[in-house]
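In: show me the folded form of this:
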Amino acid sequence: MVPAHNEERLLPACLASIDRAAGELDIPVTVTVVLDACTDTSRRVVPAHVGVLERETKSVGAARRAGFAPHLETAATADTWFATTDADSEVPRDWLVRHIESADAGSDVFVGTVRPTSWESWSPSVAAMFSERYVSEDGHHHVHGANLGVRADWYRRVGGFAERSGDEDVDLVRRLRSRGAGIDRSGRAPVLTSTRADGRADTGFAAYLYTLEVLARSVDPESDPASVTAGEANR
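Out: Below you'll find the predicted structure:
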């Protein structure tokens, strides 16, 4: 499932990568895009075989929730796996394979990692600081909506995604953990994700990178400034 807000440029590559990942499985895969308050041509770039829901919530949490809602009554069992990524991301070919392997091994939740695309929107210090702080191996502490999966019965048990404008992924994993779900913090199948400055969530990846930018400038005021402002990073 993919939430999208004005993603006409990046959405096609995201959906193509999901198609490749789905082709690696011998089980049915349903792909849904939730177009949330889109004012661009995102609807036109969605292939005919992909399900589409349209909302005006301007909330990534509400969009993810809406994407899984139709399946809660008919498919919310231990045999169904919900996976989600972001429209500005591209999943690897083995993405769903790794999720299902994790489920088959007994995990209820797959919390994966990401791999940034480039650093052209940020000063050189940001890439170095990100690399120093980011754990890409198994057992990491990160949570990304761009690489997250959960067993459908567990998703329903904790009430699903909250209708939040940010940190909906962290909130869901926190509730799953508190209820005793088995969580696989995996470094396998990292998702390639955008490092654009104009993020879509107030507390999303762009906002985190902007925090690193501010920190880099405080440590080295002479460092090359990034071409972003706080307002741009939080759009």
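In: below-threshold pLDDT in the protein: ranges please.
Out: For the chain, applying pLDDT under 70 flags the ranges 201-203, 219-235.
In: what ranges does it have for its strands?
Out: Shown for the chain, the strands assigned by DSSP state E span residues 2-4, 32-36, 51-55, 81-84, 89-90, 109-111, 114-116, 148-151, 183-185, 191-193.
In: deepest of those, which one?
Out: Ranked by mean neighbour count, the strands of the chain are led by strand 2-4 with a mean of 29 (mean count of other C-beta atoms under 10 Å). All C-beta spots, glycine's among them, are computed from the backbone N, C-alpha and C.
In: partners of that one, with directions?
Out: strand 32-36 (parallel) (DSSP bridges).
In: and for the partner strand, what's in contact with it?
Out: With contacts defined as C-beta atoms under 8 Å, 6 or more residues apart in numbering, strand 32-36 is touched by 1-5, 11, 15, 42-43, 46, 50-60, 62-64, 66-67, 70, 87.
In: list the ones among those that fall in helices.
Out: Judged by DSSP state H, helices contain the following of the contacts of strand 32-36: 11, 15, 60, 62, 63, 64, 66, 67.
In: wait, what's in contact with the nearest residue to the fourth one once chain neighbours are set aside?
Out: Translated: residue 62. Among residues not flanking residue 62 along the chain, residue 163 sits closest, at 4.0 Å (C-beta to C-beta, 6 or more residues apart in numbering). By C-beta under 8 Å, 6+ apart, residue 163 lies in contact with 57, 59, 61, 62, 65.
In: contacts only, for residue 135.
Out: If a contact means C-beta under 8 Å, 6+ apart, then residue 135 has 113, 141, 142, 187 as its contacts.
In: wait, the last one touches residue 140, no?
Out: Yes. Shown here, residue 187 and residue 140 form a contact pair, counting by C-beta atoms under 8 Å, at 6.3 Å.
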